[in-house]
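Colleague: Sequence below, structure please.
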Amino acid sequence: MGDDSFQSLSLKRKNLAKEKKYLEMELQWLVLRQKQIQAEIELRQALEFENALALEMARYGEFDKRLPGEEGFIDPSQRRAWETRLIGRKGESEKAAARVRLIARDMKDLLGKISHHGFIPPISQSGKSSQPVSDPVIP
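Modeller: Numbers count the residues shown, from 1 in each chain. Next up is the predicted model:
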C-alpha cells in the first residue's frame, strides 16, 4: 500500500463504499422479494381453499338438482353455512391479494430507489416479477 497515491486510495475507498451500498440495497431487495414470494404463496393457498369449498358446494348442488322432489338433499341451514364459509374464504383471498399488491408497491419503490442510486435493479429468476392472481372463484 505504500506505493498507492492519495488519489488511487481515495478512488478505491469510494468504489468500496459504492459496492457496499449496492450489496446493502441488494439485501433489502432479497428480503422484500422473499416477503413477496411468501405473500404470493399465501394468496394461492387462500384461492385454493376458496376454490375447494366452491367445488364442494357445486358438486353437492349438482347432486341436489338430480334428486326428485321439492325438498332437496341440502338443508337450507347447511347451504347458508357453506355460503358463509365461502364468504369468509373470499375475504381471506382478498386480504391475501391486497398484501401481494402492497408488497409489489414496496418492491416498485425499492427498485426506483436502487435505480436512482445508479445501480441496475436485480430481477427475479424468470426475468420479471410474477403477477398477482386476481381471478375470483364463482361457486
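Colleague: Point to the residue nearest the middle of the protein.
Modeller: When CA atoms, centre = their mean is applied to the chain, the residue found nearest the centroid is E40 (2.7 Å).
Colleague: next structured bit after the one helix or strand that residue maps to?
Modeller: Using DSSP states H and E, E40 falls within helix 6-66. For helix 6-66, the succeeding helix or strand toward the C-terminus, using DSSP H and E, is helix 76-116.
Colleague: Tell me the helices and strands packed up against that next one.
Modeller: When contacts are defined as 3 or more CB pairs under 8 Å, 6 or more residues apart in numbering; DSSP states H and E, helix 76-116 packs onto helix 6-66. Where C-beta positions appear, they are placed from N, C-alpha and C, glycine not excepted.
Colleague: now the helix it packs on against helix 76-116, angle please.
Modeller: Comparing the axes of helix 6-66 and helix 76-116 via axes from the mean of the first three to the mean of the last three CA atoms, to 10 degrees yields an angle of 160 degrees.
Colleague: Mind giving me the packing neighbours of helix 6-66?
Modeller: Helix 6-66 packs on helix 76-116, going by 3+ CB pairs under 8 Å, 6+ apart.
Colleague: quick check: mean pLDDT across the helix it packs on?
Modeller: Across helix 76-116, pLDDT averages out at 94.
Colleague: distance between that helix and the chain's centre?
Modeller: Its chain's C-alpha centre lies 8 Å from the corresponding centre of helix 76-116 when counted by CA atoms, centre = their mean, to the nearest Å.
Colleague: Alright, I will stop here.
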